[in-house]
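Asker: what shape does this take:
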Amino acid sequence: MSVTAKVSSRAQTVLPKAVRDKLGLKPGDTIRFRETEQGIIVEKLDHNVDDDVSADPFATFTEWASPEEDDGWSDL
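Answerer: Residues are numbered from 1 along each chain as shown. Got it, this is the predicted structure:
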């Protein structure tokens, strides 16, 4: 499958129907954009997956994810 979509001036896009159908997306579903060596993968997020980093809203804040930061905040 190969489909295209435009990105608006507000960085928004509409997922083409063929993509929504292929992923089984419904209103309210969540998708994830995951980078791989081959490119970016768009996938439907399964909310039943416990080890998913997207379940932790702070998992993406890597600027504070160092041993030095852990030590600095450990006494709070």
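Asker: where exactly do the strands run in the chain?
Answerer: According to DSSP state E, the chain carries its strands in the segments 31-36, 39-44.
Asker: can you add mean neighbour count and distance to A11 and give these back as JSON lines?
Answerer: Backbone N, C-alpha and C define where each C-beta goes, glycine included. Output for the strands of the chain, formatted as JSON lines (neighbours: other CB atoms under 10 Å; distance: least, CB to CB, whole Å):
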{"stretch": "strand 31-36", "mean neighbour count": "10", "distance to A11": "12"}
{"stretch": "strand 39-44", "mean neighbour count": "11", "distance to A11": "15"}
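Asker: mean pLDDT added to those strands, as CSV?
Answerer: Shown next, in CSV, are the strands of the chain (pLDDT from 0 to 100):
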stretch, mean pLDDT
strand 31-36, 90
strand 39-44, 92
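Asker: where does D71 land on pLDDT?
Answerer: Reading off the per-residue confidence, D71 sits at a pLDDT of 71.
Asker: distance of it relative to V3?
Answerer: Separation of D71 from V3 (CB to CB, to the nearest Å): 49 Å.
Asker: remind me which residues of this protein are low pLDDT?
Answerer: Across the chain, the stretches falling below the confidence threshold (pLDDT under 70) are 47-65, 69-70, 72-76.
Asker: count of neighbours near D71?
Answerer: Burial measure for D71: 9 neighbouring residues, criterion other CB atoms under 10 Å.
Asker: quick revisit: need the strands of the chain in TSV (columns: distance to G24).
Answerer: Shown next, in TSV, are the strands of the chain (distance: least, CB to CB, whole Å):
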stretch	distance to G24
strand 31-36	11
strand 39-44	6
